[in-house]
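Peer 1: Mind folding the following:
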Amino acid sequence: MIVVYDSLTGQTKRFASKLGYEAVHVKLYEDVNNDNQIFLVTRSINFGQIPETTKTFLNLHKDKVIGVAVSGNKNWGENFGMAGIKIEKEYKIPLVLKFEGSGFPSDVEYVKKWIKNYL
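Peer 2: Next up, the predicted model:
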């Protein structure tokens, strides 16, 4: 099990690093043992779009991704975490959580529990 994150400002990296698994950036995933199941932590851009770096990663590795958590800003209203909804729809990957910033401790615990139950 590995956590792969897409981060621009470091918020999703901070969230990913708290989950208790090796965490690597989407651009560095090819440099690690890629036989593992993946939990993806990404972000929304441009009011709910999926970052191109995340799309590129998913186009290559979507079959290994067991779930996704997405960072967003509640000020975006209905577009809050929209990238996660789009990933769930387009790639058939469960959206586990939408969170703000680098997440609250309860967000981290929720995802940890989801991963543990999945595995």
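
Peer 1: Now do the strands in the chain.
Peer 2: Secondary structure of the chain (DSSP state E): strands at 2-5, 23-25, 38-43, 65-72, 95-100.

Peer 1: thought Y21 was touching F39?
Peer 2: Yes. Contact criterion CB atoms under 8 Å: Y21 and F39 qualify, at 7.3 Å. The C-beta positions use only the backbone N, C-alpha and C, and glycine is treated the same way.

Peer 1: between these two, what contacts are shared?
Peer 2: Shared contacts of Y21 and F39, defined by CB atoms under 8 Å, 6 or more residues apart in numbering, are found at M1, I2, V3, I115.

Peer 1: Adding pLDDT, write these out as CSV.
Peer 2: Shown next, in CSV, are the shared contacts of Y21 and F39 (pLDDT from 0 to 100):
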residue, pLDDT
M1, 91
I2, 94
V3, 96
I115, 97
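
Peer 1: Among those, find me the one that's closest to K62.
Peer 2: Each of the shared contacts of Y21 and F39 was checked against K62 using CB to CB; the closest is I2, at 14.7 Å.

Peer 1: out of everything not next to it in sequence, what's closest to the closest one?
Peer 2: Using CB to CB, 6 or more residues apart in numbering and skipping residues adjacent in sequence, the residue nearest I2 is N36, 4.4 Å away.

Peer 1: who's more crowded, Y21 and F39?
Peer 2: F39 (28 against 18; other CB atoms under 10 Å).

Peer 1: measure that one to S71 for me?
Peer 2: F39 is 14 Å from S71, where distance means CB to CB, to the nearest Å.

Peer 1: Next one: N117, what pLDDT does it get?
Peer 2: Per-residue confidence (pLDDT) for N117: 97.

Peer 1: List the residues that contact the residue nearest the centre of the chain.
Peer 2: In the chain, the centroid-proximal residue (CA atoms, centre = their mean) is V41; its distance is 1.6 Å. V41 makes contact with 3-6, 12, 15-16, 19, 23, 68-71 under the criterion CB under 8 Å, 6+ apart.

Peer 1: Swap in 7 Å and give it another go.
Peer 2: For V41, the contact set (CB atoms under 7 Å, 6 or more residues apart in numbering) comprises V3, Y5, T12, F15, A16, A69.

Peer 1: Before I go, just wanted to say thanks for your time.
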